[in-house]
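Engineer: coords please:
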Amino acid sequence: MQYILVSFLIFYTYSSHLSEIVCGQTFNVLDYDAAGDGETDDSPAFVRAWEAVCGAETYDVPTLQIPEEKTFLLQPTEFKGPCKSNRVHVQVLGKLVAPETPEAWKECESDVWLSFTDVHNLTVNGSGQIDGRGSSWWSKTEHQRLYIDEKHKNDDEVVKCHRPKALHFQGCHNLLLSGLTHVNSPKAHISVSNCRYVYVANLTITAPEDSPNTDGIDISNTNYVNIHSSYIGTGDDCIAINSGCYNLNITNIKCGPGHGISVGSLGRDGAYATVENVYVKNCSFNGTQNGVRIKTWQGGSGYAKNITFEQIRLHAAKNSIIIDQYYCDGGHGCKNKSSAVEISDVRYMDIKGTSAKEDAIIFNCNQFSGCRTIVMDNINITSDVPGEELYASCYNINGTSNSTFPCVTCLSNSTSSAPYPSPPPLAPYAAPQAPLPPYSPLI
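Structural biologist: As a prediction, the model looks like this:
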């Protein structure tokens with residue numbers, strides 16, 4: 001009941017907020033000489049329009065409008081704040097496209113295509129599409145990360161182009177993102193970093209299943225986040241929750257293809273990493289490489305705790321439930337180490353469906369720190385292949401299990417259901433009427 005009430009308050013405030021937006025002054029990019037023909041570089045026009053929006057001194061909400069039935073070719077572009085108006089609206093009705101090939105990018109070293117930086121009380125919404133045109137990057141990668149082009153600096157050095165994320169939000173507090181379609185990013189489609197109070201809803205994010213590292217939504221150093229009612233099908237994690245995140249609600253997500261919803265990876269290169277208060281509910285996984293996953297590197301430190309996965313539905317998913325404290329992305333030659341990010345207070349509740357692998361549940365925990373206080377309740381996973389038996393494997397873990405199939409033998413049997421978890425506290429999205437206090441990047 002508490003969760004429903006919180007969600008209602010968020011939705012109500014969100015709807016009210018959108019109804020207020022339409023009253024502000026509109027800055028159409030066509031009025032700033034954007035061509036919208038899909039061939040002309042419209043980046044300078046977008047920058048001019050943004051400067052007008054961000055510099056508008058008004059009590060209303062200024063809107064940067066990207067009109068429908070137009071296609072706008074953009075080079076890497078930063079929309080930088082803070083803005084003079086207390087709130088800003090970006091309405092995407094048309095189509096934004098990236099340069100077609102890596103050679104066509106004017107800023108080879110950039111790892112972001114479109115970015116919003118330090119823009120508080122920002123709404124980005126509409127029925128438009130953001131197309132990263134990533135296919136030419138995917139086919140020419142080094143370790144799935146860098147594109148090596150044929151250009152040379154001083155005739156003796158190969159230029160390395162970092163595959164860019166399509167859309168990045170940095171330091172944008174009170175952020176609302178909704179309605180858009182995101183396709184074919186060279187790398188992650190959406191990344192959110194160092195933000196507070198983030199509301200994401202009704203997105204469609206797609207890329208081919210074999211497209212490398214094309215995460216749907218990557219989140220880091222960000223708190224008070226609500227993501228719901230979206231379809232994500234890509235070549236990597238549907239949602240990745242990285243270090244520095246706490247108080248996240250993720251609900252009503254349809255994931256697949258992809259690598260599932262992941263906490264991590266955490267602790268790479270010995271890093272100190274923290275994640276806590278994550279609530280994932282009413283999500284489905286269709287043909288994904290993983291279902292609900294927590295992954296940490298050896299040698300790291302910190303913690304991932306108070307994480308709940310509830311009302312999860314699986315359809316031919318591999319690694320339906322997995323904790324991997326020995327995560328090692330291919331090609332790193334990882335060595336055994338004695339330290340690890342500590343994992344504790346993880347609850348799996350009401351998870352049902354089919355597995356495409358025999359080992360449906362995997363708890364591969366570090367022998368030194370282990371995984372503590374793991375609770376499984378009302379789990380029923382059967383094979384996608386009629387008649388095939390499933391099993392669970394577990395190492396260095398403690399906790400309880402009730403009504404769980406396949407049986408997790410290393411967990412103690414429990415005759416009572418696990419306590420119903422409360423979602424992490426999440427304040428309703430509400431753009432304040434007074435300016436935000438000075439902002440310092442989170443560490």
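Engineer: Can you show me the CA trace of the top strand by length along the chain as CSV?
Structural biologist: Using DSSP state E, we find that the single longest strand of the chain is strand 301-317. Extracted in CSV, the C-alpha atoms of strand 301-317 (Å, rounded to 0.1, in the frame of the first residue of the first chain):
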residue,chain,number,x,y,z
SER,A,301,35.7,-3.0,-1.4
GLY,A,302,32.5,-1.4,-0.2
TYR,A,303,29.0,-2.8,-0.2
ALA,A,304,25.7,-3.6,-2.0
LYS,A,305,22.9,-4.0,0.4
ASN,A,306,19.1,-3.8,1.0
ILE,A,307,18.2,-4.9,-2.5
THR,A,308,14.8,-6.4,-3.4
PHE,A,309,13.6,-8.2,-6.5
GLU,A,310,9.8,-8.9,-6.4
GLN,A,311,7.1,-10.0,-8.8
ILE,A,312,9.6,-11.0,-11.5
ARG,A,313,8.5,-12.9,-14.6
LEU,A,314,10.9,-14.9,-16.7
HIS,A,315,10.5,-16.2,-20.2
ALA,A,316,13.4,-18.4,-21.4
ALA,A,317,15.9,-16.3,-19.5
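Engineer: who does it touch, helix- and strand-wise?
Structural biologist: Contacts defined by 3 or more CB pairs under 8 Å, 6 or more residues apart in numbering; DSSP states H and E place strand 301-317 against strand 261-266, strand 272-286, strand 292-296, strand 342-355. From N, CA and C alone the C-beta is placed, and that goes for glycine too.
Engineer: Pairing partners for it, with directions?
Structural biologist: Using DSSP bridges, the strands paired with strand 301-317 are strand 272-286 (parallel), strand 342-355 (parallel).
Engineer: So which of those strands is nearest Thr206?
Structural biologist: Relative to Thr206, the nearest member of the strands paired with strand 301-317 by CB to CB is strand 272-286, separated by 13.1 Å.
Engineer: just how off-centre is the closest one within its chain?
Structural biologist: The chain centre lies 11 Å from the centre of strand 272-286; the measure is CA atoms, centre = their mean, to the nearest Å.
Engineer: rewinding a little: relative to Ile322, which of the helices and strands packed on strand 301-317 is closest?
Structural biologist: When these are compared by CB to CB, strand 292-296 sits nearest Ile322, at 4.9 Å.
Engineer: relative to strand 261-266, how tilted is the closest one?
Structural biologist: Computed by axes from the mean of the first three to the mean of the last three CA atoms, to 10 degrees, the angle separating strand 292-296 from strand 261-266 equals 0 degrees.
Engineer: who's in contact with strand 292-296?
Structural biologist: With CB atoms under 8 Å, 6 or more residues apart in numbering as the test, strand 292-296 has contacts from 259-267, 273, 280, 285, 304, 307, 309, 312, 319-325, 327, 340-341, 343, 346, 348, 351.
Engineer: Reformat the strands paired with strand 301-317 into JSON lines and put mean pLDDT and mean neighbour count next to each item.
Structural biologist: What follows is the strands paired with strand 301-317, written out as JSON lines (pLDDT from 0 to 100; neighbours: other CB atoms under 10 Å):
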{"stretch": "strand 272-286", "mean pLDDT": "98", "mean neighbour count": "21"}
{"stretch": "strand 342-355", "mean pLDDT": "98", "mean neighbour count": "21"}
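Engineer: Which one, of these, ends up nearest to Pro44?
Structural biologist: When those are ranked by proximity to Pro44 (CB to CB), strand 272-286 comes first, at 40.1 Å.
Engineer: about what we covered before: kindly reformat the helices and strands packed on strand 301-317 as CSV containing distance to Ser211.
Structural biologist: Output for the helices and strands packed on strand 301-317, formatted as CSV (distance: least, CB to CB, whole Å):
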stretch, distance to Ser211
strand 261-266, 17
strand 272-286, 17
strand 292-296, 19
strand 342-355, 24
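Engineer: where do the helices sit along this structure?
Structural biologist: Secondary structure of the chain (DSSP state H): helices located at 2-21, 43-54, 135-138.
Engineer: OK, contacts around Ile239?
Structural biologist: Residues in contact with Ile239 (CB under 8 Å, 6+ apart) are 215-217, 219, 227, 232, 250, 253, 255, 261-262.
Engineer: and if we set it to 10 Å?
Structural biologist: Going by CB atoms under 10 Å, 6 or more residues apart in numbering, Ile239 touches 190, 200, 205, 215-219, 225, 227, 230, 232, 248, 250, 253, 255, 258-263, 280, 283.
Engineer: How about it: which residues does it bridge to?
Structural biologist: Ile217, Ile261.
Engineer: Please report the distance of it from Val280.
Structural biologist: For Ile239, the distance to Val280 equals 8 Å [CB to CB, to the nearest Å].
Engineer: quick one: common contacting residues for the two?
Structural biologist: Counting by CB under 10 Å, 6+ apart, the contacts common to Ile239 and Val280 are 227, 248, 250, 253, 261, 263.
Engineer: Which among those residues count as buried?
Structural biologist: Neighbour counting with 16 or more other CB atoms under 10 Å marks 227, 248, 250, 253, 261, 263 as buried within the shared contacts of Ile239 and Val280.
Engineer: Dump those into JSON lines; add pLDDT and distance to His182 as well.
Structural biologist: Listed next are these as JSON lines, based on pLDDT from 0 to 100; distance: CB to CB, whole Å:
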{"residue": "Ile227", "pLDDT": "98", "distance to His182": "13"}
{"residue": "Leu248", "pLDDT": "98", "distance to His182": "20"}
{"residue": "Ile250", "pLDDT": "98", "distance to His182": "17"}
{"residue": "Ile253", "pLDDT": "98", "distance to His182": "14"}
{"residue": "Ile261", "pLDDT": "98", "distance to His182": "17"}
{"residue": "Val263", "pLDDT": "98", "distance to His182": "22"}
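Engineer: what's the closest of those residues to Ala360?
Structural biologist: Ile261 (16.5 Å).
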